[in-house]
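Undergrad: Sequence and predicted model, in that order:
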Amino acid sequence: MNNFDERNQRDFKENTERLVKAIDKIGSSANLPATITQLSELTGMHRNAISRRQWPVIKLKEIKNRRKALQQQQSIEKKQIDPVTILEGKLDNAKRELVYWFNKNLDNEKKTMQLEQNLQRMTQARGDYENMLKQERQKTSELTKQLNIMRDLLS
């Protein structure tokens with residue numbers, strides 16, 4: 001064996017150890033995706049070098065399958081929640097909705113009262129302005145009569 005063979009064997013063992021540690025890390029952490037790219041980032045090896053070794057790809061597939069099975073199991077457990085809990089949740093939602101609509105109703109009643117007050121004020125103001133208009137028309141007609149009398153006197 002020459003020096004290159006020894007060096008290659010040593011590098012192969014070191015890379016294998018890094019791959020094993022990285023695969024364990026991916027398997028234990030649900031936050032890390034089970035991909036060759038992630039394995040490449042954790043080990044510092046190129047993706048093609050990892051892909052050529054078939055066992056890391058197989059391990060990653062196993063991790064993916066375990067995660068899928070765990071998700072399916074959790075979704076089944078969520079579906080099998082106690083019916084009392086489901087009904088309590090629905091009751092809480094109904095309470096929140098009732099409070100929302102109650103407050104909405106109060107707001108609408110306040111707006112209605114304000115609009116009615118505005119209508120009364122406008123109606124009263126209209127009446128006042130109509131009276132003022134009548135008075136001004138009467139004054140105008142009286143002044144017109146006086147003007148006509150003055151014209152007659154001057155002519």
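TA: Perfect, thanks for sending it. Remember, predicted model here, so these are calculated numbers, not experimental data. Numbers count the residues shown, from 1 in each chain.
Undergrad: for this structure, longest helix please?
TA: In terms of residue count, the longest helix belonging to the chain (DSSP state H) is helix 83-154.
Undergrad: in this protein, which segments are predicted with low confidence?
TA: 1 (pLDDT under 70).
Undergrad: one more time with 80, if that's ok
TA: 1-4, 75-82 (pLDDT under 80).
Undergrad: coming back round to it: which strands and helices sit next to the longest helix of the chain?
TA: Of the remaining helices and strands, none touches helix 83-154 by 3 or more C-beta pairs under 8 Å, 6 or more residues apart in numbering; DSSP states H and E. The way it works is simple: take the backbone N, C-alpha and C, and place the C-beta from them, glycine included.
Undergrad: Quick check: the gap between Gln54 and Leu60.
TA: Separation of Gln54 from Leu60 (C-beta to C-beta, to the nearest Å) stands at 11 Å.
Undergrad: ugh, wrong one, Ser29
TA: 13 Å.
Undergrad: Neighbour count: Gln54 and Leu60, which is higher?
TA: More neighbours surround Leu60 than the other of Gln54 and Leu60, with 20 against 9 (other C-beta atoms under 10 Å).
Undergrad: what sits against that one?
TA: Leu60 makes contacts with 23, 26, 34-36, 39, as judged by C-beta atoms under 8 Å, 6 or more residues apart in numbering.
Undergrad: Just the ones in helices from those, please.
TA: Among these, the members falling in helices (DSSP H) are 23, 26, 36, 39.
Undergrad: out of the residues you listed, who has the most neighbours?
TA: Leu39 (25 neighbours).
Undergrad: Lys25 - how many residues pack around it?
TA: 13.
Undergrad: For Trp101, see how far away it is.
TA: For Lys25, the distance to Trp101 - C-beta to C-beta - is 52 Å.
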